[in-house]
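S.K.: I need the structure of the sequence given here:
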Amino acid sequence: MQQINFYRQRVAINVLAKDIANARDIYDAAEGHAAIGVLSAQFASVEEGVQEVKRWMAEIPSISVGLGAGDPAQYYKAAMIASALHPAHVNQTFTGSGFAAGALAATGGQQTCINALVSPTGTPGEVLISTGVSSCQGTPARVSCDAAVRMMQDMGAHAAKFFPMGGEKSLPELYML
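M.R.: Sure, this is the predicted structure:
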């Protein structure tokens with residue numbers, strides 16, 4: 001079973017690897033406290049993604065299915081790859097996290113951790129939740145971190161993905177989240 005091995009039950013890194021051998025090197029260097037990302041954006045279809053992610057999962061015990069640069073258009077593909085394979089982790093847009101939770105539950109994949117993508121606003125204590133395909137095109141939806149986290153819980157997400165960080169510029173906001 002795929003799972004994230006959190007360091008002190010609290011933190012793990014989520015990193016991309018160039019290939020399976022590199023993924024193994026990273027995973028081992030992190031002493032198993034890593035989820036290795038495979039981006040859904042690189043696949044032309046869900047089926048292609050399922051086949052490739054399955055190969056990675058056979059070698060690495062903690063795979064994360066990512067969107068690819070936070071691209072909201074990838075929410076469906078990432079969710080469907082995850083629901084077919086039950087990796088350790090899947091990244092989602094804020095608005096797509098409920099869809100992913102439902103798809104995973106329908107296939108017995110409730111152990112897969114789901115991140116819901118929120119973006120910085122420039123104001124500590126507030127985040128943008130309008131990170132979906134349509135919502136990112138409209139009026140920005142700024143909410144308190146407390147409201148965002150509670151909504152994530154309501155939708156079945158387990159954690160926030162704070163993106164894009166912009167280096168250290170957004171650290172005060174991350175601390176509030």
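
S.K.: with only the CA atoms kept, save the longest strand that the chain contains in CSV.
M.R.: Secondary structure of the chain per DSSP state E: the longest strand is strand 113-120. In CSV, the C-alpha atoms belonging to strand 113-120 read as follows (Å, rounded to 0.1, in the frame of the first residue of the first chain):
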residue,chain,number,x,y,z
CYS,A,113,-3.9,12.0,0.9
ILE,A,114,-5.4,15.0,-1.0
ASN,A,115,-3.9,18.5,-1.1
ALA,A,116,-6.2,21.4,-2.0
LEU,A,117,-4.3,24.2,-3.9
VAL,A,118,-4.7,27.7,-2.5
SER,A,119,-2.8,30.8,-3.5
PRO,A,120,-1.2,33.6,-1.6
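
S.K.: can you name the next helix or strand after that strand?
M.R.: Once the chain leaves strand 113-120, the next helix or strand it forms, by DSSP states H and E, is strand 126-128.

S.K.: what does that following strand contact?
M.R.: 118-121, 140-145, 148, 160, 162, 173, 177 (C-beta atoms under 8 Å, 6 or more residues apart in numbering). For every residue, glycine as well, the C-beta is placed using N, CA and C.

S.K.: repeat that for stretch 146-159.
M.R.: With C-beta under 8 Å, 6+ apart as the contact definition, stretch 146-159 has outside contacts at 92, 94, 97-98, 100-102, 105, 113-116, 118, 127, 129, 143, 160, 177.

S.K.: try stretch 93-109
M.R.: Against stretch 93-109 from outside (C-beta under 8 Å, 6+ apart): 67, 70, 72, 75-76, 78-80, 82-86, 90, 92, 110, 112, 114-118, 129-133, 135, 148, 151-152, 154-157.

S.K.: sort out for me which of those are in strands.
M.R.: Val90, Gln92, Ile114, Asn115, Ala116, Leu117, Val118.

S.K.: now, of these, which are buried?
M.R.: Val90, Gln92, Ile114, Asn115, Ala116, Leu117, Val118 (16 or more other C-beta atoms under 10 Å).

S.K.: now the contacts of stretch 146-159: which count as buried?
M.R.: 92, 94, 97-98, 100-101, 113-116, 118, 127, 129, 143, 160, 177.
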